[in-house]
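Visitor: quick check, what structure comes out for this input:
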Amino acid sequence: MAAISGGRGAASRLPGSEAAAERRVIRAAEGCANMAQLRRLHGVLVRHHHRLGNPSLVLAKLLRFAAVSPGGDLRYASRLIFHGLHHEEIHARGSAFFYNTLIRGLAACADPSPAVSLYKIMRRRSVPPDQFSFTFLIKAKARCSARSPAGGGDVHALALKHGCLSPSVPHVHNALIHLYATSGIPTDAHQMFDEMLEPDVVSWSGLLAAQLTAGDLDGARRVFDSMAMRDVVSWTAMISGYAQGGRPLQALALFESMPPAMQPDEVTLVGVVSACAAAGDLDTGAAVHRYADEKRLGWMVSLRNALIDMYAKCGCMEKAREVFEGTTRRNSITWNSMISAHAVHGDVEAALRLFWQLAAGEGGVAPDAATFLAALSACAHGGWVEEGRRVLESMRRHGVAPAAEHYGCVVDMLGRAGRLEEAHRLVAGVLPLSCNHVLWGALLGACRIHGDVAMAERAVGELLRLRPAEGGYYLLLAGVYAAAGRHSDADEIRRRMNQDGAVKNPAHSTLRLSSSAPDDH
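Guide: Okay, here's the model as predicted:
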């Protein structure tokens, strides 16, 4: 702050009345509580900045509120930075503070990419970055990488180039560990960790997150067991990692081993309840529910959603419905969980009753793609064809475009009802869909159930045109032939599969996107 304050006693060099007025302005800027006050103080700064001994200090306090405070305004903060009148205060001292403050605010936004763009502007204006610049920039890059993993070598190199990777200062190292963790690159996270003189609990938690993001649960557990200090975040990360990684019993065992002094929070409980749902452990799930109520954590929407799912998967629909009815702040996941629970348990009427309540606006939230999928699944399992048509037709009224999975449910619904020609017309009418092979596959499955050889041949023809190397389709058609007593045709289709070099398991491909990197001079 010394670069901004201009030294002690700046106000004392002014005439007495003006020095007192400046102190009042500074105190008012420090105590700013809302944007209305900030605008008034900014007006004072604009009108009287030449009479102030230290206008940059007032500007810094205003910028901090606008950019970082929950009651601030990032657009106004940007105007403070780029207002021509303030150029001298910001740049004459060569301080990165002003840019760092705005980068910090932008890095916490829903879209953090403007923080990266601001860093580029900062460098083009020859403002040298410091450790705080990179701490906030790396956080922005980490949040960008969460949506489009791209590693962090570019910003890592910049921090090194500008001498901001001192082993004795953990901030930038920890930010880089978190960036590599978000990108799922545990080797680079370990390298950053090993360069630190005194890693703290944040460093260890980042290392743990790197292993979990990479899907290495055993490696994550080795990191967890090596941690000299563990906080509730560390315990929660490992428990949730086990729950999400298909190891619910290990998640529950780890939860049981938490020391009594380590109080789980609502995020911990969400992971534990999810593990209970996967393991079918109703007793532990109910005990966690009681604990949450005792600790007054039961109001958390995410936890209540997990409880609904857990009770439903454990076959306790009365408790699931009780939690749903007791949830006053429902989001779309709350409704979707309850609709899906009724659908899975075969109560199509209850599932659709909830769906139409939500669609009519009674829930206070709009139905989303998952809501429609749950309702269509209920119709498919119950054979409610006309109701399923109504659900599909209502999607566009709510601004939700049907995707392959929605059409797949309808094809499944029509196929179960034996309306194969109708299902064929639907599939043929949505050919532009990139996942159309899923729909033809659903139709082929229905053909096998109903023994419709002619329709199965048409479906396989389309499937082999779309996925010629997928041997599973040949085998499904061979099964249809065999069920119809056409064993020679079944043998012939198997020979054709071998001749064409098709394999039973489908191939997979992964699309990897990279985010833009900050440039530098």
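
Visitor: quick one: the helices in the stretch 151-300 of the chain, in order.
Guide: Per DSSP state H, counting those that start in this stretch, the stretch 151-300 of the chain carries helices over the ranges 153-161, 170-182, 186-194, 201-213, 217-226, 232-244, 248-256, 266-279, 282-294.

Visitor: do the stretch 301-450 of the chain as well
Guide: Assigned by DSSP H, counting those that start in this stretch, the stretch 301-450 of the chain shows helices spanning 301-313, 317-325, 332-344, 348-359, 369-382, 385-397, 404-416, 420-429, 436-450.

Visitor: buried set for the third one?
Guide: Of the residues in helix 332-344, those scored as buried under the neighbour-count criterion (16 or more other Cβ atoms under 10 Å) are 332-344. For every residue, glycine as well, the C-beta is placed using N, CA and C.

Visitor: before we move on, what about the first one?
Guide: Residues of helix 301-313 classed as buried under the neighbour-count rule (16+ other Cβ under 10 Å) are Leu303, Arg304, Asn305, Ala306, Leu307, Ile308, Asp309, Met310, Tyr311, Ala312, Lys313.

Visitor: what about it, average pLDDT?
Guide: For helix 301-313, the mean pLDDT works out to 96.

Visitor: now for it, which elements pack on it?
Guide: Counting contacts by 3 or more Cβ pairs under 8 Å, 6 or more residues apart in numbering; DSSP states H and E, helix 301-313 is packed against helix 266-279, helix 282-294, helix 317-325, helix 332-344.

Visitor: repeat that for the last one.
Guide: Where contact means 3+ Cβ pairs under 8 Å, 6+ apart, helix 436-450 is packed against helix 404-416, helix 420-429, helix 453-466, helix 471-483.

Visitor: Ser126: how many residues sit nearby?
Guide: Counted with other Cβ atoms under 10 Å, residues neighbouring Ser126 total 9.

Visitor: same question, Ala251
Guide: 25.

Visitor: got the contact list for it?
Guide: Counting by Cβ atoms under 8 Å, 6 or more residues apart in numbering, Ala251 touches Ile239, Ser240, Gly241, Tyr242, Ala243, Gly271, Val272, Ser274, Ala275.

Visitor: how near is the last one to Glu362?
Guide: This means Ala275. From Ala275 over to Glu362 the distance is 33 Å, taken as Cβ to Cβ, to the nearest Å.

Visitor: how close does Gln131 sit to Ser166?
Guide: On the measure of Cβ to Cβ, Gln131 and Ser166 end up 8 Å apart.

Visitor: same check, this time on Glu386
Guide: Glu386 is 70 Å from Ser166, by Cβ to Cβ.

Visitor: please apply the same query to Asn331.
Guide: Here Asn331 is placed at a distance of 44 Å from Ser166 (Cβ to Cβ).

Visitor: Leu376 too?
Guide: Taking Cβ to Cβ, one finds Leu376 at 57 Å from Ser166.

Visitor: if we can go back for a sec, looking at Asn331 and Ser166, which one has more neighbours?
Guide: Asn331 (16 against 12).

Visitor: next, the more buried one: phi, psi?
Guide: Phi and psi for Asn331, reported as degrees, to the nearest 10, are phi -110, psi -180.

Visitor: thought it was touching Val365?
Guide: Yes - with contact defined as Cβ atoms under 8 Å, Asn331 counts as touching Val365 (6.0 Å).

Visitor: can you count the residues close to Tyr180?
Guide: The local packing of Tyr180 (other Cβ under 10 Å) involves 31 other residues.

Visitor: please apply the same query to Arg79.
Guide: 13.

Visitor: please apply the same query to Asn498.
Guide: Neighbours of Asn498 (other Cβ under 10 Å): 10.

Visitor: in what helix or strand does it lie?
Guide: helix 487-500 (DSSP states H and E).

Visitor: give me the distance between that helix and the centre of its chain.
Guide: Centroid displacement of helix 487-500 relative to its chain, using Cα atoms, centre = their mean, to the nearest Å, is 46 Å.

Visitor: and stretch 350-361, by the same measure?
Guide: Distance, centroid of stretch 350-361 to centroid of chain: 27 Å (Cα atoms, centre = their mean).

Visitor: next one: stretch 265-283
Guide: For stretch 265-283, the distance to the chain centre is 20 Å (Cα atoms, centre = their mean).

Visitor: okay, buried residues for that stretch please.
Guide: 266-279, 281-282.

Visitor: next, give me the two most distant ones among the residues you listed.
Guide: Largest separation among the buried residues of stretch 265-283 by Cβ to Cβ: Val267 and Leu282, giving 21.8 Å.

Visitor: quick one: list the elements packing against the top helix by length along the chain.
Guide: For the chain, the longest helix by residue count, based on DSSP state H, is helix 131-147. For helix 131-147, the elements it packs on are helix 97-107, helix 113-124, helix 153-161, helix 170-182, judged by 3+ Cβ pairs under 8 Å, 6+ apart.

Visitor: just these: most buried one?
Guide: helix 170-182 (a mean of 26; mean count of other Cβ atoms under 10 Å).

Visitor: list of residues touching that one?
Guide: Contacts to helix 170-182, defined as Cβ under 8 Å, 6+ apart, come from residues 131-132, 134-135, 138-139, 141-143, 145-146, 149, 151-152, 155-156, 159, 164-165, 167, 186, 188-189, 192-193, 195-196, 198-200, 202-203, 206-207, 209-210, 213.

Visitor: the same query, at a cut-off of 7 Å, please.
Guide: Here helix 170-182 makes contact (Cβ atoms under 7 Å, 6 or more residues apart in numbering) with 131, 134-135, 138-139, 141-142, 145-146, 152, 156, 159, 164-165, 188-189, 192-193, 195-196, 200, 202-203, 206-207, 209-210, 213.
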